[in-house]
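Colleague: how would this look folded up:
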Amino acid sequence: MTEDADAIPTVGEAVHDSARDRVGRVMGHEGPYIQLRPLAGGREWDADPGHLRPLTPAELLSALVAEANARSRQPR
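Modeller: Now for the predicted structure:
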């Protein structure tokens, strides 16, 4: 996503949804909404593009580490 506030994030881009305070990866576009999925997979949700911003490299790394830590705590 560019610095332009009206820019639409591209499929595969990691973004922060400020309306839900969640991080997700863009899976597609449907009508006025963007479909996001948690970085580790899971159920998609619709997000308003006006509430999305791209993650910084540090935020992306932090989110990926948090997902890996959560998976490591799951029973096998």
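Colleague: Please make it C-alpha for all contacts and neighbour counts, starting now.
Modeller: Noted.
Colleague: Now the lengthiest strand in the chain: buried residues?
Modeller: The residue-count maximum for a strand in the chain (DSSP state E) belongs to strand 22-30. For strand 22-30, the neighbour count (16 or more other C-alpha atoms under 10 Å) marks Val23, Gly24, Arg25, Val26, Met27, His29 as buried.
Colleague: For the most centrally placed residue in the chain, name its beta-bridge partners.
Modeller: Most central in the chain under C-alpha atoms, centre = their mean is Gly24, positioned 1.8 Å from the mean C-alpha point. Here Gly24 sits in beta bridges with Val15, going by DSSP bridges.
Colleague: What's the separation between it and Arg53?
Modeller: Applying C-alpha to C-alpha, to the nearest Å, the value for Gly24 to Arg53 is 11 Å.
Colleague: any shared contact partners between those two?
Modeller: Val15, His16, Asp17 (C-alpha atoms under 8 Å, 6 or more residues apart in numbering).
Colleague: Looking at those, state which has the most neighbours.
Modeller: Within the shared contacts of Gly24 and Arg53, most neighbours by other C-alpha atoms under 10 Å means Val15, with 25 neighbours.
Colleague: I'd guessed it sits against Met27; true?
Modeller: No - using C-alpha atoms under 8 Å, Val15 is not in contact with Met27; the gap is 11.0 Å.
Colleague: Let's have the buried residues of strand 22-30 in CSV, adding pLDDT.
Modeller: Compiled in CSV, those are given as follows (pLDDT from 0 to 100):
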residue, pLDDT
Val23, 96
Gly24, 97
Arg25, 97
Val26, 98
Met27, 98
His29, 94
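Colleague: Between those residues, which sits nearest Thr10?
Modeller: Checking these against Thr10 with C-alpha to C-alpha, the nearest one is Val26 at 6.7 Å.
Colleague: Many thanks, have a good one.
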